[in-house]
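Asks: the following block contains a protein sequence and its predicted model.
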Amino acid sequence: MELTSDFKELVRSRTEIVSLIGESTTLIPERGGAEYKCLCPFHPDTNPSMRIYPDRQSFRCWVCDTGGDVFTWIMKREALSFPETMRFLAERAHLEMPEQSKHQSDQFAKKDELHAVLKWAEMQFHECFLKSSEAKDARDYIAGRGYSQQTVEEFRLGYHPEDWDWIQRKAKPQFSIDVLQQSQLIRPQDDRPGYSDYFVDRVLFPIHDERRRTVAFGGRLIPGHKERGGKYFNSKESPVFHKSRVLYGLPNARDGIRDTNTVLVVEGYADCVACHQFGVRNVVATLGTSLTELHCNRLKAFAQKVVMVYDGDDAGQNAAAKAVGMLIGQSIDLRVLTLPEGADPDDYLKSNGTEAFQALVDKAPEAWEFRFNYEVKKHGLDSINSRETVVTEMLQLLAGASDLQGTAREDIILTRLAPRLQSSEGAIRNQLKRIRSGNRPQQFQTKPAQEEQPALVQEERIEVHRQPLSKNDRMECELLEILLTEPERAEQTRQEIGVDDFLNPHLRELLQIVYDVVELGEVPSFERVTLEMERNELKGLTVWLADQAREKGIEHKLRENSDGGTSILLRQVLDVLKWRREVLSHNADFQKQAMSGEGNDALTMLQKAAAFHRKRVMNQR
C-alpha cells in the first residue's frame, strides 16, 4: 500500500495536535492559547516540560528532547509503526485509507469485523456481570478477591451465564455464526451439529492490544462451579490475537511503565489485576506463554528495564530459568524476581503490602545472575564436578544466544561471571569459544522469523542537538533555522549551497528534504518538510531547529536586516558556508598534490598558498 504525500497531508490536516494530545493528558494554555504545556509522558516529569505549538502542529519536550508532529506523537505514545499510525489517525479522522490490493483490503475488513464483534461481546459480558442475577456468584468471587468497583470498570470484567448459546442469541442478526467462530466466541459441538458458546459460566477478563482494541478473552472458573476445561483458559489464536505478541494489561500499564521506566511481567491476568488494585501500575501479564522476543520488542518502546515476576515454588523457578535462556541476548535490562515462600503476586501483596513488594522488585537480580544462582542451587559448587557442571550450563546459555556474541553485554557478563566461578576470565572465554565452535546445544532463536518481525524498529539516535554544537554544526544549523523560518528563500539558497556542502549527515539529510520539496515546485514549509519524514528522530531535530529560530528571533532579524533583496543575515550565513567549502577544497587539493608528487615546483605551491592566505585575511575582515 502506497501512502502518498497528499494523503499524509490530508490526515495531518484533519488531526489537530492540541486535540490529539489533549485526549491523553491535561494541557495548560499559555500566551493566550498560542502554545500549550503539559507533563511529558516520555520521561518521569513533575514540572510540565512539553510544549505544543498549534501554529506549526508540533510538540517538543525541553528535557528529554522528544519532539515531532501528530504522527510522531502516536508512534511514540502507542508504540506503532508509521503505516499503523497512518491507519490509526485516518480512522480517527473518518478517512478511508488509499486503495489497497484486494488481499490487503479483505484482510483489513476481516480484522475490523472481528474487532467489532469482540468489542460488542465485551459490552455484553460486562453488562451481564454488573446487572444479571445469574452473575451473583461471579460478583461474589471478584469481591472476595478484593477487587474494587473501580478495578472492575477499568478492566471491564465480565461474566458469561451458564447457557450454551447465550452469546449466539444475542448476536442475531448483527453478527454471523462465521464471525462468532472466527473471533473464538463459539466453537463447533463435538457430538452433534451446531455450535456452543466458548466461555460458559466463567468470569471474563477482556484482553486488549496496545491500541485498546478487544482481541480475546481470558476465562476464570468460579470456585465451586462445575469444572470444564481447567481453572483458566484463554481464547484460541485468531487473526487479531497472537499470544506471543499480546500482553494483558499493557494499555492500563503504559503510564506507570513510562513513569518508572520499568515494566513488571507476571504470569496471569488475575495477578496483573491484583497488582494494579494495590497501586503497582506498571504491570502486564503473559497469556499462557513465557515472555517472548516479540513481547520484549514491544516493551522496549516503553521501558528499558523488564522484571519478570514468578511464583516462588519450584515450577516458578524452573519457568524463570527457561525464560532467561530464551531472552538473555535481548538488549534490555532484564531482571528476574521469584517471590519467597511459594507465594504469587496477589498473595504476597495481601500479606506484605505494596512497599515490601516494591523493595523485592528493586533488588531483583539481573537475568544472568538469577540463572547462575539457579544453577548453583541445583548443582552446588562444592566439588570439581559440580563446579564444572555450573560452568558448562552458564556457557551453553551464552552460546545459545546468537545475537549476544561479540557484544559489550557479553563481555560484561563474562567479566562478572569468572570470579563467581573462581576461574580466570581468559579460561572462561576460551571454553565459550570451544562450545560455540563445536557441537553446540540447540540455539534459542533470539531474532524472530521475518514474518514475525514487528513493524516497530529502533531508530538511530540523533545527537547533534543534544550536545554542544561544533563550529561546523552551528553554521549548518543557522542556515536550516533560516529556511524553516522563511522557506521562500530555499530556491535562492539552493543556487549557492549544495547538499554536499553540509558535513553533518543528519543536517545534510534535512537539507536534502528541503531541496526535494523545492524540486517538486512547492514551498518547503515546516509542515511540508516534516511530512516527507518518517523518522521520528529527524522530526525531533527539525522541531528543535524551529524552536531555536524562534528563540533567536530569526524572523525579525531576516526582515530587519535586508538590503532590499537578500537578507543580510542570510547573505552572511551563505558566505561563511561558501568560504568553508573553498577552504576544504583548497586543503584537499594541496594535500593531494603533496602526496602524489604533482606540482613539485616548490615556488608554485608557495605562491598558491600565499594567494589563498591573502584571500582568507580579506574574508576575515
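Replies: Cool, got the structure.
Asks: from residue 410, how far out is residue 278?
Replies: Residue 278 is 37 Å from residue 410, where distance means C-beta to C-beta, to the nearest Å. From N, CA and C alone the C-beta is placed, and that goes for glycine too.
Asks: could you do residue 493 as well?
Replies: For residue 493 relative to residue 410 (C-beta to C-beta), the value is 48 Å.
Asks: higher neighbour count, the two?
Replies: Legend: neighbour count by other C-beta atoms under 10 Å for residue 493 and residue 410, higher for residue 493 (23 against 19).
Asks: now do the same contact list for that one.
Replies: Going by C-beta atoms under 8 Å, 6 or more residues apart in numbering, residue 493 touches 479, 482, 483, 570, 574.
Asks: for those residues, pick the one with the most neighbours.
Replies: Within the contacts of residue 493, most neighbours by other C-beta under 10 Å means residue 483, with 27 neighbours.
Asks: isn't that one right up against residue 490?
Replies: Yes - using C-beta atoms under 8 Å, residue 483 is in contact with residue 490, at 5.3 Å.
Asks: overlap in contacts, those two.
Replies: Joint contacts of residue 483 and residue 490 (C-beta under 8 Å, 6+ apart) are 514, 524.
Asks: tally of neighbours for residue 474?
Replies: 11.
Asks: got it, and residue 361?
Replies: The number of residues packed near residue 361 is 18, by other C-beta under 10 Å.
Asks: tell me which helix or strand it sits in.
Replies: Assessed by DSSP states H and E, residue 361 sits inside helix 354-362.
Asks: and what of residue 10?
Replies: helix 5-13.
Asks: just the CA coordinates of that helix, formatted as CSV?
Replies: Only the C-alpha atoms of helix 5-13 are listed here, as CSV (Å, rounded to 0.1, in the frame of the first residue of the first chain):
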residue,chain,number,x,y,z
SER,A,5,2.2,12.8,0.4
ASP,A,6,-1.3,14.2,-0.5
PHE,A,7,-3.0,11.6,1.7
LYS,A,8,-0.5,12.1,4.6
GLU,A,9,-1.2,15.9,4.4
LEU,A,10,-4.9,15.2,4.4
VAL,A,11,-4.6,13.0,7.5
ARG,A,12,-2.5,15.6,9.2
SER,A,13,-4.8,18.5,8.3
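Asks: could you say what helices and strands it packs with?
Replies: Using 3 or more C-beta pairs under 8 Å, 6 or more residues apart in numbering; DSSP states H and E, the elements in contact with helix 5-13 are helix 70-78, helix 82-92, helix 526-531.
Asks: need the ones you listed in JSON lines with mean neighbour count and mean pLDDT, can you?
Replies: Output for the helices and strands packed on helix 5-13, formatted as JSON lines (neighbours: other C-beta atoms under 10 Å; pLDDT from 0 to 100):
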{"stretch": "helix 70-78", "mean neighbour count": "22", "mean pLDDT": "89"}
{"stretch": "helix 82-92", "mean neighbour count": "18", "mean pLDDT": "88"}
{"stretch": "helix 526-531", "mean neighbour count": "21", "mean pLDDT": "87"}
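Asks: switch those over to a markdown table; also include distance to residue 223.
Replies: As requested, the helices and strands packed on helix 5-13 are arranged in a markdown table below (distance: least, C-beta to C-beta, whole Å):
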| stretch | distance to residue 223 |
| --- | --- |
| helix 70-78 | 38 |
| helix 82-92 | 41 |
| helix 526-531 | 56 |
